[in-house]
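here is a sequence with its predicted model. Questions after.
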Amino acid sequence: MFKFLIMALVALELVLLSAFFQPANATVKDTEFYTWDYASVGSEKLVCKEVIIHPKKRLMPESSDLQPVAIRSKVVSDRYCAKSARPNL
């Protein structure tokens, strides 16, 4: 009898914990990196760009191994890319 009471309390604890602490509500930090890239499509000028990849909450087919993301980039100062080799074109 005592064993069933303990099992019921443990089950109740698990239900309550999963209701209040859902991993889906966790925050995900965006991936951010710096790279050399062309200033725009058709441009021959190389600039340093900050690229930010943000995961999106969108359903994908079950057969897909991909995760939907939003990619943003902007031109920044060359000092951010100082540690990466600038391509010679």
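Yep, it's here. Numbering: from 1, shown residues only.

could you point out which element follows the helix or strand bottoming out on mean pLDDT in the chain?
Taking mean pLDDT, DSSP states H and E as the measure, helix 2-20 is the helix or strand of the chain with the lowest mean score, a mean of 69. Downstream of helix 2-20, the first helix or strand assigned by DSSP states H and E is strand 31-38.

CA atoms only: put the following helix or strand past that following strand into CSV for me.
Where DSSP H and E defines the elements, the next helix or strand beyond strand 31-38 is strand 46-55. As requested, the backbone C-alpha atoms of strand 46-55 are provided in CSV (Å, rounded to 0.1, in the frame of the first residue of the first chain):
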residue,chain,number,x,y,z
LEU,A,46,34.2,42.4,-50.6
VAL,A,47,32.9,43.6,-47.2
CYS,A,48,32.7,42.1,-43.7
LYS,A,49,29.2,41.0,-42.9
GLU,A,50,27.5,39.9,-39.7
VAL,A,51,25.2,36.9,-40.3
ILE,A,52,22.5,36.0,-37.8
ILE,A,53,20.6,32.7,-38.1
HIS,A,54,17.4,32.5,-36.1
PRO,A,55,15.4,29.3,-35.9
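
partners of the helix or strand just after strand 46-55, with directions?
Sequence order places strand 69-76 as the next helix or strand after strand 46-55, per DSSP H and E. Here strand 69-76 is paired, per DSSP bridges, with strand 46-55 (antiparallel).

got the buried residues for the partner strand?
Residues of strand 46-55 classed as buried by neighbour count (16 or more other C-beta atoms under 10 Å): 46-50. Any C-beta I mention is one placed from the backbone N, CA and C, and that applies to glycine too.

cool, and stretch 68-86?
Residues of stretch 68-86 classed as buried: residue 81 (neighbour count, 16+ other C-beta under 10 Å).
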